[in-house]
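Q: fold the following and give me the result.
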Amino acid sequence: MIKYCLPIIQNSKEKVLQQIAENPDYDFYEIWISYIEDLDTDFIWAISDKYNGKLIFLFRKQNLEKSDLEKEQKEKIIKLLETSENFLDLDINDQKEELEFIKENKMENKKIVSYHNYKETAELDGLTKIAESMKQYNPEIFKISTFCKTEEDSLKLLSSLLKLKAEKKKFIVLGMGEKGLIVRIYGALWGNEFNFAPENEEEKSAPGQLTREKLSVILNLIQDLNLEDAEMNSA
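A: Okay, here's the model as predicted:
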């Protein structure tokens with residue numbers, strides 16, 4: 001079953017809760033906590049408890065800009081979420097310190113270990129090495145999201161996806177930009193754990209994201225065509 005995640009970038013706790021309440025039919029909600037100006041650990045505890053198993057928390061900002069959160073504050077949040085069923089999405093480059101903190105303290109947080117590159121896509125062997133380096137942190141989900149300059153970049157990402165799938169890993173592989181659109185579509189069809197799809201264009205958290213409506217229409221059309229072809233071949 002294809003699952004959808006709503007990216008939420010809001011500047012207040014109230015607006016975060018409001019956006020979740022207004023979109024109850026999403027499978028997951030991605031909370032960009034570095035943008036919440038009145039953030040406190042009580043809020044993290046309350047929202048995590050209310051929506052346990054449906055949230056992804058991340059410290060980073062768009063384009064890997066530096067987070068305003070202090071090291072101590074991030075560590076408190078990590079500890080608070082250790083027994084939660086919600087995910088922490090930690091970038092292997094941008095949040096290496098937090099990943100090492102979890103590893104060294106033998107903590108059991110549910111982790112999406114991710115790699116983001118908003119400028120380019122590495123060669124396939126480079127993507128493979130990145131995925132291999134993620135394994136030391138025992139991720140629940142491997143996530144790779146890079147900007148596609150060419151059609152070949154999208155094929156490299158899809159090849160990386162199929163490699164993770166063959167290894168029976170849980171994954172999210174995404175292409176950013178116009179050339180990465182095919183990766184988002186076939187990533188959803190080929191097994192992404194969930195797919196980031198805002199309700200409207202203004203709520204995009206990365207270049208190339210399709211709204212949920214547009215992505216659903218495309219996926220349903222492809223699935224219908226595949227079903228028709230299967231029926232014709234069996235006739």
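Q: distance check, Leu189 against Val183.
A: When distance is defined by CB to CB, to the nearest Å, Leu189 is 11 Å away from Val183. Any C-beta I mention is one placed from the backbone N, CA and C, and that applies to glycine too.
Q: more neighbours, these two?
A: Neighbours per residue, other CB atoms under 10 Å: of Leu189 and Val183, the larger number sits with Val183, 30 against 15.
Q: so who does the more buried one touch?
A: If a contact means CB atoms under 8 Å, 6 or more residues apart in numbering, then Val183 has Cys148, Ser154, Leu157, Leu158, Leu161, Val173, Leu174, Gly175 as its contacts.
Q: one more time with 10 Å
A: By CB atoms under 10 Å, 6 or more residues apart in numbering, the residues touching Val183 are 121, 144-146, 148, 153-158, 160-161, 173-177, 190, 192, 208.
Q: which of those residues count as buried?
A: Among these, the ones that count as buried by 16 or more other CB atoms under 10 Å are 121, 144-146, 148, 153-158, 160-161, 173-177, 192, 208.
Q: same question for the one helix or strand Leu221 maps to, mean pLDDT?
A: In this assignment (DSSP states H and E), Leu221 forms part of helix 212-234. Taken as a whole, helix 212-234 has a mean pLDDT of 78.
Q: so which of the contacts of Val183 belong to strands?
A: Applying DSSP state E to the contacts of Val183, the entries found in strands are Ile144, Ser145, Thr146, Val173, Leu174, Gly175, Met176.
Q: how far away is the closest residue to the fifth one other than its chain neighbours from Leu58?
A: Okay, so that is Leu174. Computed as CB to CB, 6 or more residues apart in numbering, the closest residue to Leu174 that is not its neighbour in sequence is Ser145, at 4.2 Å. Ser145 sits at a distance of 12 Å from Leu58 (criterion: CB to CB).
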